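**Q** predicted model and sequence below, questions to follow.
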Amino acid sequence: MNDSRQTEYDVAIAGAGPAGSSLAIRLACRDLRVLLVEQKKFPREKLCGEFISPECLAHLDELGIAPVIAAACGTEINQTVFYARGGRSVTVPSAWFNGNGQPALGLSRAELDLTLMNRAKEAGVDVREETTVSGLLNEHESVHGVVLKRKDGSNERCRSALSVDATGRTRALARFVKNHKRPQATHVAFKTHLKNTEIESGTCEIYSYRGGYGGCNMVEDGLANVCFIIQTEDARRFGRDPERAFRERLMSNSRAMKTLGKSSAVKPWLAVPIDRYGRGQLTPAFGLFSVGDAAAFIDPFTGSGILLALESSKVATDAIESYFAESRNFLKLQTDYSQTYSCTIDSRLRFSSVMRAFAYSPILAGMLVTALRVSPILSRSFARATRS
C-alpha cells in the first residue's frame, strides 16, 4: 500500500535520541513546524554509558523535563573513579564539572529518551514512532524533505525546508547522500544491565584493559549499567559472544573483577560497531545537517556523550532560528552552525583523541593514573579539558 500524501514541515528530524528530541522541543517552542521520526517504539533499550553529566541538568531544565527526570528514581553519581588494569586509581568528583556542585545522574536511556519524546509531543512536535526514513527528497542538488516508510509498509513524502540527521553513529540520512562511504569498524561496544554488582554507592567506575575500556554505574531499579569497548579482532576471536568478551576482556582489569565478578545480566546484551571518533560531516548535503553522534562521536570515557548531544542541539536551534528569521540562506546556516559548533565542541574532541591512546593501553593508562594521583590540580585540568 502506498500513500502519496505530502506533508509540509519547517524541519524534519530523523532519530529521537537526546539530540533529535531536544532539538525538536526547542524548535517547536519557537513556533516551527517539526517532524520527528523514530525507527523504534519507545521505551526501548539503547547502548550508552547512561551517565548524565551535571551540566546536562541545565539543558533538561530548559527543555521542561527536569522535574520528571528528578522523579525517575535515577542514581546520584558523586564521583568517577578511573582504574588502571592493576587496580591503581584516580578519582574525579562530579562537582568539578558543574559550578553548582551538582552530582551526575545514572539513568537508563529507555527512561530518558521516553521522557524527551513525550515532552516533544506536548510541545506540538509531530512524532512518528516505528517509522523509517527510506530516502531523501532531492531537488536541484538540495535536500527538501524525507521519504518515510511506516510499520505497515506504506510510504509518505514529507517536505521540509531543512532536514536533520540525528540517527547517531549510523548516520542513516548521510548514507543517502552521493559518494557517502562508511569506514570499517575498528571496535565493538557492548552494553547490558546487571544485578548483584559490588559498585560503591554514588560512584561510576571506568576500567582500562588492552585494546579498550569499560564503565559501570548504577541506574534505576537497583540495576547497574555496564558498557565496554573491545577491538573488532577481539570480538571475532570471542565469537562475537558479549558474555565471553565481558569475562575475558573486561574482567582482566582487577577492579572490574572485584566489582562485577558476582554480577549477572538481567537484560539482553546490545552491541554496536564503532567506525569513527571525533567530527563527522556537520552538513552532509545542501539542506541537510547533523546533530549528536551523527555530527561527532566523543569517547565514552569522558562521560559527556549525552551532554554533547544536548549542546549540539542547542547550537543547531540558534542557527535554524536565524535561518528562518532572516534570509533562509543555507550557506549562512552552514557557516553559523559550523563556527559555533567548533568553538563549543572541537577542543574537547581533540583532547579526547589524545587520551584515547592512554585508555587503550594498560601501560600508558597506569602511567597516567599514577601522574594524576599525585596532582589534584592536573587531574582537575584533565577533567575540565573533556568539557567546553
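**A** Arrived safely, thanks for sending. Keep in mind that what you see is a predicted model, and the values were worked out from it rather than measured. Numbers count the residues shown, from 1 in each chain.
**Q** got the CA coordinates for stretch 69-83 in PDB?
**A** C-alpha atoms of stretch 69-83 as PDB (Å, rounded to 0.1, in the frame of the first residue of the first chain):
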ATOM      1  CA  ILE A  69      13.800  13.300  35.400                       C
ATOM      2  CA  ALA A  70      14.200  14.100  39.100                       C
ATOM      3  CA  ALA A  71      11.300  11.800  39.900                       C
ATOM      4  CA  ALA A  72      12.500   9.000  37.700                       C
ATOM      5  CA  CYS A  73      14.500   7.300  40.500                       C
ATOM      6  CA  GLY A  74      17.900   7.500  38.900                       C
ATOM      7  CA  THR A  75      21.000   7.300  40.900                       C
ATOM      8  CA  GLU A  76      23.100  10.300  42.000                       C
ATOM      9  CA  ILE A  77      26.800   9.900  41.000                       C
ATOM     10  CA  ASN A  78      29.200  11.900  43.100                       C
ATOM     11  CA  GLN A  79      32.400  10.700  41.600                       C
ATOM     12  CA  THR A  80      34.000   8.800  38.700                       C
ATOM     13  CA  VAL A  81      37.000   6.500  39.600                       C
ATOM     14  CA  PHE A  82      39.300   5.500  36.800                       C
ATOM     15  CA  TYR A  83      41.100   2.200  37.300                       C
END
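**Q** need the three-state assignment for residue 213.
**A** In terms of secondary structure, residue 213 is strand; the call rests on DSSP: H, G, I helix; E, B strand; the rest coil.
**Q** quick one: end-to-end length of stretch 62-76, please.
**A** Stretch 62-76 has its terminal residues 20 Å apart, counting by Cα to Cα, to the nearest Å.
**Q** please enumerate residues in contact with that stretch?
**A** The contact list for stretch 62-76 (Cβ atoms under 8 Å, 6 or more residues apart in numbering) reads 22, 25-26, 52, 57, 60, 103-107, 111-112, 115-116, 119, 123, 202, 217-221. C-betas here are computed from N, CA, C, even on glycine.
**Q** which among those end up buried?
**A** Among the contacts of stretch 62-76, those classed as buried by 16 or more other Cβ atoms under 10 Å are 22, 25-26, 52, 57, 60, 103-107, 111-112, 115-116, 119, 123, 202, 217-220.
**Q** restricted to helices, list these.
**A** Of the buried ones among the contacts of stretch 62-76, the ones assigned to helices by DSSP state H are 22, 25, 26, 57, 60, 111, 112, 115, 116, 119.
**Q** out of these, what pair is the most spread apart?
**A** 26 and 111 (20.7 Å; Cβ to Cβ).
**Q** before we move on, back to that, what's the closest of the ones in helices among the buried ones among the contacts of stretch 62-76 to residue 272?
**A** Using Cβ to Cβ, these come closest to residue 272 at residue 112, 17.7 Å.
**Q** OK, contacts around that closest one?
**A** For residue 112, the contact set (Cβ under 8 Å, 6+ apart) comprises 18, 50, 52, 69, 72, 306.
**Q** what's the answer for residue 164, then?
**A** With Cβ under 8 Å, 6+ apart, residue 164 has these contacts: 11, 12, 13, 14, 20, 23, 173, 288, 289, 290, 291, 316.
**Q** so which of the contacts of residue 112 comes closest to residue 334?
**A** For the contacts of residue 112, the nearest to residue 334 is residue 18 (23.3 Å; Cβ to Cβ).
**Q** surely the closest one touches residue 116?
**A** Yes - in this structure, residue 18 is within contact of residue 116 by Cβ atoms under 8 Å, at 6.3 Å.
**Q** domain ranges for the protein?
**A** Following automatic domain parsing, one gets these domains for the chain: 6-51+109-181+281-352, 67-108+184-276+360-385.
**Q** how about TSV for the ones you listed, with mean pLDDT added?
**A** Shown next, in TSV, are the domains of the chain (pLDDT from 0 to 100):
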stretch	mean pLDDT
domain 6-51+109-181+281-352	94
domain 67-108+184-276+360-385	94
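**Q** most neighbours per residue, which of the ones you listed?
**A** A comparison of these by mean neighbour count, using mean count of other Cβ atoms under 10 Å, puts domain 6-51+109-181+281-352 on top with a mean of 20.
**Q** centre of the chain to it, how far?
**A** Taking the mean of its C-alpha atoms, domain 6-51+109-181+281-352 sits 12 Å from the chain's own mean (Cα atoms, centre = their mean, to the nearest Å).
**Q** equivalent analysis for stretch 377-388, please.
**A** The answer for stretch 377-388 is 20 Å, by Cα atoms, centre = their mean.
**Q** C-alpha coordinates for it, PDB please?
**A** In PDB, the C-alpha atoms belonging to stretch 377-388 read as follows (Å, rounded to 0.1, in the frame of the first residue of the first chain):
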ATOM      1  CA  ILE A 377      45.300  20.300  40.000                       C
ATOM      2  CA  LEU A 378      46.400  18.300  37.000                       C
ATOM      3  CA  SER A 379      43.500  15.800  37.500                       C
ATOM      4  CA  ARG A 380      41.000  18.700  37.500                       C
ATOM      5  CA  SER A 381      42.600  20.200  34.400                       C
ATOM      6  CA  PHE A 382      42.300  16.900  32.500                       C
ATOM      7  CA  ALA A 383      38.700  16.500  33.600                       C
ATOM      8  CA  ARG A 384      37.800  20.000  32.500                       C
ATOM      9  CA  ALA A 385      39.500  19.500  29.200                       C
ATOM     10  CA  THR A 386      36.800  17.000  28.300                       C
ATOM     11  CA  ARG A 387      34.200  19.800  28.600                       C
ATOM     12  CA  SER A 388      33.600  23.100  26.900                       C
END
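**Q** who's in contact with that stretch?
**A** Counting by Cβ under 8 Å, 6+ apart, 55, 90, 92, 96-97, 298, 302-304, 307, 311, 344-345, 347-348, 351-352, 355, 371-373 sit against stretch 377-388.
**Q** residue 57 and residue 310, how far apart?
**A** Residue 57 sits 10 Å away from residue 310, taking Cβ to Cβ, to the nearest Å as the criterion.
**Q** all helices of the stretch 151-300 of the chain, in order?
**A** For the stretch 151-300 of the chain, applying DSSP state H, counting those that start in this stretch gives helices covering 232-237, 242-248, 254-260.
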